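Chemist: Sharing a model that was predicted from the sequence below.
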Amino acid sequence: ELVRSLLLWARGNCGERLLSQLPRVDSALRYRVAEEGPSDVRIGNVAADLGLSTSGIGTGDVTFALESGAEYFKIDNVTGELTTNSRRIDREKLPQCQMIFDENECFLDFEVSVIGPLQSWVDLFEGRVVVTDINDNTPSFPSPVLTLSVEENRPIGTLYLLPTATDRDFGRNGIDRYELVQDGRDGSQSSRRPASVQAGGNGGDRRRAMEVGLVPGGRSSVFELQVADTPDGQKQPQLIVKGPLDREARDSYELMLRVRDGGSPPRSSQALLRVSITDVNDNNPRFERTVYEAEMAENTPPGTPVLQVRASDRDVGVNGQVEYVFGAATESVRRLLRLDEATGWLSVLHRIDREEVSQLRFTVTARDRGQPARSDRASVVLGVRDENDNVPLVEIRKIGRIPVRDGAAMVPENVLVDTPVALVQVSDRDQGENGAVTCTVVGDVPFTLKPAGETALAPPPASEDAFERNRKKFFLHTSALLDYEATRDYSVTIVAVDSGSPSLSSNSTLMVRVVDVNDHAPVFAQNLVEVHFAENNSPGERVVTVVATDADSGKNAEIAYSLDPSVNGAFYVDADNGDIRASGTLDREQWERYEFRVIARDKGSPSLQGSTTVVVQITDRNDNSPKFVQEVFTFYVKENLLANSPVGMVTVTDADEGENAELSLRRPERFSIENNTGTIFSAASFDRERRSSYTFRVRAVDAGDPPRSSTATVSLFVTDENDNAPSVTAPTNESYTLLPPASGARTVVRTVSAADGDAGSNADLRFSLVGGNPFHLFEIGSSSGVITLAEPLERRHRGLHRLVVRVNDSGVPSLCTTALVHIFINESLTNATLVDAQVARSLAVPLSLDIAGDPDSERALGKQRLSVAIGVLAGAAAVILVILLVVTARHCSPQGKNGYEAGKKEPEEDFFSSQPPPLHAQADRGRKPRRDRRGRSLYGGIVTVDEEDEDGQVSGAGERMAARYSGDPNSPRLGAHRHQSSPDLARHYKSSSPLPAVHLLPNSPPAEGKKHQAVQELPPSNTFTGNGGGNADTMSLGSDQCSDYSCQNAKYTKQVRPLTFLYSLWCRYVRSPDVD
């Protein structure tokens, strides 16, 4: 610890001594270094410049570090030696030196820190290194070729500024002098000789000049160079004119301009100086000739060049640009010729006709564009050469008393042959052979040309007008007789041909019209003219134009038109042109066709006439709207009608025709309508109970343009159909009514209430008791539904009674429903639970079984009834024997007219058929059924013949009777099979029995384990078809269709008493068929 403390003390003392030797903090280090030097160039020693003692320096106790400036410098951290690093210093590229022109102001700053032992102390010093310039850049001009324009004839001493050179160095290394070397083409010097001008360093406006292009005596030739010092210290080279300049002698000079800097060694560059001598207008244009002569053909196309005049000018530029204009020239020259201002070419502007202009004389002026302009003048003579460009002219004139008007000669048909009818004169405006003309008549016409005669004047001399010399005259003679009826007009064509090459020709036509007498009537092109004319026209509108022709001429061919009186003023005709016009507005719906005659009369004497028939068919316009026959259509339709069924028909008419009468009917969404018939179809079925009427509008639109339309109202009423069965609202099947035994007759027991969704007769309800009233104790009002007591009550009547009530509506077919009414006959209701149980059991008991009063009393009565039944069966057996005897006798005896004939095949009649009965049977439908003394109908509902059960015993009472009747229980059932030749007992039965016929259902043939139902033959609407596989002893509570005898689709049947069955057999087989 003691040694360590001594060492720290020693170091602290050394550091304090070293710190005491450092200069003040604001001292600065300054050095100089040349640019572009290599690396490791010594700049200075920081330790020495800071005046540090050698103690501690180099031992590592005191170190140096370069804090900034390390980009270009480095320092030895032990010795403090400051040197350059590997990056070269380019003074011209240093950003801070770009705009510095003083060599003392371009520098680089750095910072160096002096660090004590163990960095116990640190001191920071700033330093600056001035970068000195070296001559490392060559001065240069902005372009290797410099141009200068100098006008000729400029006065001596004129000064022109030249482009300056640039040097990135400055001071002595900057631009020092400019030198000018003249081009060797100067005749005054055979080689290039420099003329230098040196600008001294600080001389402000001092100028030194050296002549350029020296002559042998050393005098100035053309140019000299001088350099001026500008206020900003730059040097400006200037070129001074020292001699005369003539562009026509020499138009350019090429000089070498050289620039040098003041460095050591100096650097220099040079550029080519091109001096162009510009022109001034000091020369006049000169034509090649003073007079230009040429010849051109007439009718030369426009744009054809004819002649070029040329003038030259020694000047250049605008001063040497010559333009040509007309000088002394007439208006015709300027109109016919065009002078190109730039080229001096004369060209044709418009075609020149020699017959109008034979020669053109004028002057042309050439002038330059200098200021002021200089000019020269020349004369031009152009001759026009003749071309065969004029066709011969043929002129036809009248001769004698035959007139010629508008190219037509009126020649009577009775003139003689070789009669002159016209004078023909031909001529040609061309010269020589181009004007020699020959003339002839072409075509097969009875005319010929002959010279005008020997008395004609001699041709004029050649010196006179050629047009007069080439004129000739001829007479046009007839060469045959003229016939007006054969040929009315002759087209005489006269052709004239000249002798030019190629030859030209012309022709003229003379129409020779033969005059005749009025011997032809006007004739129409058509005997019948048919025209279609639209109605609703404006009065005076033209309908048609009829034209008649007349073979005559003049007044004989002038036609006047008129209408016959049958037109009745509907039309009139223009007497001159045949225009037929309507007198008023026509209406096709009132009058569709007009027919009348048009008469044409000529104005000859005597007048002749012709006629034609005109038929005017009036065409339709859409001027009538569709019209419904009624404004309101009312239809009645049944409900439940199938969709797309017709529900009505609307009738609409349109007085127009064609497309204007093509109607389309538009309907509402729920309906559709057929355009052709107007039939309205329903889009869906109707339900009167939901909606009973519909009202909508039907619109009829025609196909005219514009279309017309009208509307009608359709009221549709839905009539009622019997599609709702009655529904019983009270009482319910589970309820019951207490009736005291002491109640007397006519006592109201209960009222059955029912409703029907239909209307009218379909909702007229009728009530009846169809079961459960074996003692006939109760009656029900057929219209009121009130159940009353019909007879006094007895002891055996006590207990629960179940009445089966059927409710029928009055519709066709009738619909029905069935309800149960429970009546409990007792003094009081002491045990309601027992009654409820009986009612519940009653709902499960088939309706074919009667529930009425005390069952014990019924069993006692049953024994008595059995005794009666045995007696009845015995009597029935006797009756059957009698029937068999009668049948055997009838079978053996011959059949009369109305009876059965042995051996004759009867018409096949299906005993099991469900076809409707004969007409006399249908007529019995309206008869009221017979009733027995107790009021019951003699018409049995359904006879059920049961087959044997599995034990082989007869199961039904009816079958037991049938077995007893046949004598064999296993024999076939009655009516199951019938021999083809057996008597038709069914026919006898139908004709004699007052009861309806009984048929076995044809769709239920005998089969093992099945039942057959015999159904009374009733009208088709009331026929009940039972279910052969069902229980004949049961009846359902619901029904779709009901009659007085049975319910369709119902299972409820009634047992037929045996006596009634036997009676019906007796009536069928015993009674005579003749008895009604």
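Modeler: Okay, I see it. All values derive from a computational prediction rather than experimental measurement.
Chemist: need the contact list for the closest residue to residue 528 other than its chain neighbours.
Modeler: With C-beta to C-beta, 6 or more residues apart in numbering as the criterion, residue 528 has its nearest non-adjacent residue at 5.0 Å, and that residue is residue 613. Every residue, glycine included, has its C-beta placed from N, CA and C. Taking C-beta atoms under 8 Å, 6 or more residues apart in numbering as the contact definition, residue 613 lies against 527, 528, 529, 595, 596, 597, 598.
Chemist: now do residue 606
Modeler: residue 518.
Chemist: All further residue positions should be reported with the first residue as 31.
Modeler: Understood, numbering begins at 31; the last thing we discussed is residue 636.
Chemist: that's a helix at it, yeah?
Modeler: No: when classified by DSSP: H, G, I helix; E, B strand; the rest coil, residue 636 is found to be coil rather than part of a helix.
Chemist: Can you give me the distance of it to residue 843?
Modeler: Plainly put, residue 636 is 96 Å away from residue 843 if you go by C-beta to C-beta, to the nearest Å.
Chemist: next one: residue 401
Modeler: In terms of C-beta to C-beta, residue 401 sits 130 Å off from residue 843.
Chemist: Specify which member of the contacts of residue 643 is nearest to residue 332.
Modeler: The shortest approach to residue 332 among the contacts of residue 643 belongs to residue 559, at 56.6 Å (C-beta to C-beta).
Chemist: For the closest one, name its beta-bridge partners.
Modeler: For residue 559, the beta-bridge partners are residue 644 (DSSP bridges).
Chemist: Same question for the one 5 residues further on.
Modeler: Note on residue 564: beta-bridge partners by DSSP bridges are residue 649.
Chemist: now do residue 253
Modeler: residue 271.
Chemist: how far away is it from residue 289?
Modeler: From residue 253 to residue 289 the distance is 17 Å (C-beta to C-beta).
Chemist: Now residue 912: phi and psi?
Modeler: phi -60, psi -40 (degrees, to the nearest 10).
Chemist: which residue packs closest to residue 584, ignoring adjacent ones?
Modeler: Residue nearest to residue 584 in three dimensions, not counting chain neighbours: residue 545, with 7.6 Å by C-beta to C-beta, 6+ apart.
Chemist: Let me know how buried the one you found is, in neighbour terms.
Modeler: Neighbourhood size, residue 545 [other C-beta atoms under 10 Å]: 17.
Chemist: Farthest pair within the contacts of residue 643?
Modeler: Longest distance between any two of those is 13.9 Å, between 557 and 626; criterion C-beta to C-beta.
Chemist: in the sheet, who's paired with the residue nearest to residue 584?
Modeler: With DSSP bridges as the rule, residue 545 is bridged to residue 442.
Chemist: Contact partners for residue 434?
Modeler: With contacts defined as C-beta under 8 Å, 6+ apart, the neighbours of residue 434 are 426, 427, 428, 452, 540.
Chemist: Now, these that are in strands?
Modeler: Using DSSP state E to define strands, the subset of those located there is 426, 427, 452, 540.
Chemist: Now a ChimeraX select for only the buried ones of those residues.
Modeler: This is the ChimeraX syntax for the buried subset of the ones in strands among the contacts of residue 434, where burial follows 16 or more other C-beta atoms under 10 Å:
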select :426,452,540
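Chemist: re the thing from before, could you save the contacts of residue 434 as JSON lines and add columns showing distance to residue 361 and pLDDT?
Modeler: Written out in JSON lines, the entries for these read as follows (distance: C-beta to C-beta, whole Å; pLDDT from 0 to 100):
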{"residue": "426", "distance to residue 361": "38", "pLDDT": "88"}
{"residue": "427", "distance to residue 361": "37", "pLDDT": "87"}
{"residue": "428", "distance to residue 361": "42", "pLDDT": "86"}
{"residue": "452", "distance to residue 361": "43", "pLDDT": "90"}
{"residue": "540", "distance to residue 361": "42", "pLDDT": "89"}
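Chemist: Thank you, goodbye.
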